[in-house]
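[1] what follows is a predicted protein model with its sequence.
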Amino acid sequence: MPGRNQENNFYDSMAAWCVVVTCRLITVLVMLLFTTAASAHEVRPALLQLNELDGSRFQAEFKQPQVQGRFLNLKVVSNCEAGEITAVIGRSALQESFELNCVKEPLRFIEIEGLDRTLADTMVSIETLNGKSSNYLISPSKPTLTLEGGKAPSVPVYLMLGIEHLLSGIDHVLFVLVLLYLVSGWANLVKVVTSFTLAHSITLGLAAFNIVSVSQAPVEALIALSILILAAESLRKERGLVSANPWLVAFIFGLLHGLGFAGALAEIGLPPSSTVLALFLFNVGIEVGQLIIVAIALLVAYLLQRVRFPVRAAVLPLYIVGSVASYWFIDRAFQIMS
């Protein structure tokens, strides 16, 4: 029967994908786990906020994240004269305040010195006296932003930040991949992706507008627990409530992951003049990143649909995922109590 053969090919392809793609991701994950003190989150960007005081002065606020217990040692350089720096050391970021004096010439360029030695981007937000806000993204490969000509960035910054946040957040990626273990058939795949999207969009929006406020430490611990639960459920021989209703699980845990996305967005901030648009673009970026993960998984599955793997090899990645997620959960739980 052609229909049943196609369905079997889909199941075989999903099993092949699980072995190859997940094993490679877990290998990278384990390496990162022991080199970054079990931090499963992306390297969050630095943030430079410039508010125009008058025609020749800007108030600058520069926040750089803490990575592996150390700050990135970044420095803002421009063609304008920088005033005295006031620094405040927070739990997860170093915030510096100073004034840029551009009396001699207009602000023409901004360079983040030391950015090329890191993996972090720098978000630059410039607010003028008339309320206009411009946002830019400076990357380690090109740490200098040229402002001459007043051209706006060609790609919406918050869209790119959303994509980078999803793809570089290893725990979010693992959740999506393990969730696909429970999915069979295209209809269920669409339901799962839609449910996860709807759920995290709800909590991301509520948190962004301060309607819901939750401490990030418990959220991060629960995200690790969600991965552990999915891995354990995928190893069960009998179908349970989770595997029988993957779309419901995706929705419930999606609410949780939305709060995690909101934590990263809160550190970056939203431009006052275009809050809704920036939030929309960030959320779309997350969806694009999620679809990239799913598309790559299905492509690899299609290419390997004729490959047969031993049953033990197919479930090995789930044991590794469960072990790593357990480690994350315990580590993050201890951080809450400490």
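    Alright, I've got the coordinates.
[2] what separation do you get for the closest residue to K75 other than its chain neighbours and S78?
    In this structure, K75 finds its nearest non-sequential neighbour in E113, 4.2 Å apart by C-beta to C-beta, 6 or more residues apart in numbering. From N, CA and C alone the C-beta is placed, and that goes for glycine too. The spacing between E113 and S78, counted by C-beta to C-beta, to the nearest Å, is 10 Å.
[3] again, but for L72
    Taking C-beta to C-beta, one finds L72 at 18 Å from S78.
[4] F261 too?
    32 Å.
[5] between those two, point out the one with more neighbours.
    The residue with more neighbours, out of F261 and S78, is F261; 24 against 19, by other C-beta atoms under 10 Å.
[6] give the contact list for the closest residue to that one other than its chain neighbours.
    Nearest non-adjacent residue to F261, counting by C-beta to C-beta, 6+ apart: L204, 5.1 Å away. Contacts for L204 (C-beta atoms under 8 Å, 6 or more residues apart in numbering) come out as 258-259, 261-262, 265, 279, 282-283, 286.
[7] just the buried subset of the residues you listed, written out for PyMOL, thanks.
    Listed next is the PyMOL selection for buried residues among those, using 16 or more other C-beta atoms under 10 Å:
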select buried, resi 258+259+261+262+265+279+282+283+286
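[8] quick check, nearest of the contacts of L204 to Q216?
    Taking C-beta to C-beta as the measure, Q216 lies nearest L259 of the contacts of L204, at 7.9 Å.
[9] ok, then the element right after the one helix or strand the closest one maps to?
    The secondary structure element spanning L259 is helix 246-268 (assigned by DSSP states H and E). Toward the C-terminus, helix 246-268 is succeeded by helix 275-303 as the next helix or strand (DSSP H and E).
[10] list the buried residues in the helix or strand just after that following helix.
    Using DSSP H and E, the helix or strand that follows helix 275-303 in sequence is helix 311-337. Buried residues in helix 311-337, defined by neighbour count with 16+ other C-beta under 10 Å: 314-318, 320-322, 324-329, 331-333.
[11] just stretch 197-208 next, same as before
    So, applying 16+ other C-beta under 10 Å, buried residues of stretch 197-208: 197, 199-201, 203-208.
[12] just those residues now: which is nearest G254?
    A199 (2.8 Å).
[13] surely that closest one meets F251?
    Yes. At 4.5 Å, A199 and F251 qualify as touching, with contact defined as C-beta atoms under 8 Å.
[14] tell me the domain boundaries of the chain?
    2-41+169-337, 46-154 (automatic domain parsing).
[15] about what we covered before: show me what the helix holding L259 is packed against.
    Using 3 or more C-beta pairs under 8 Å, 6 or more residues apart in numbering; DSSP states H and E, the elements in contact with helix 246-268 are helix 157-168, helix 170-181, helix 186-208, helix 216-235, helix 275-303.
[16] tell me how far that helix lies from the chain's centre.
    In this view, helix 246-268 has its centroid 11 Å away from the chain centroid, taken as C-alpha atoms, centre = their mean, to the nearest Å.
[17] partners of the biggest strand by length in the chain in the sheet?
    As assigned by DSSP state E, the longest strand anywhere in the chain is strand 57-67. Using DSSP bridges, the strands paired with strand 57-67 are strand 46-54 (antiparallel), strand 70-71 (antiparallel), strand 93-101 (antiparallel).
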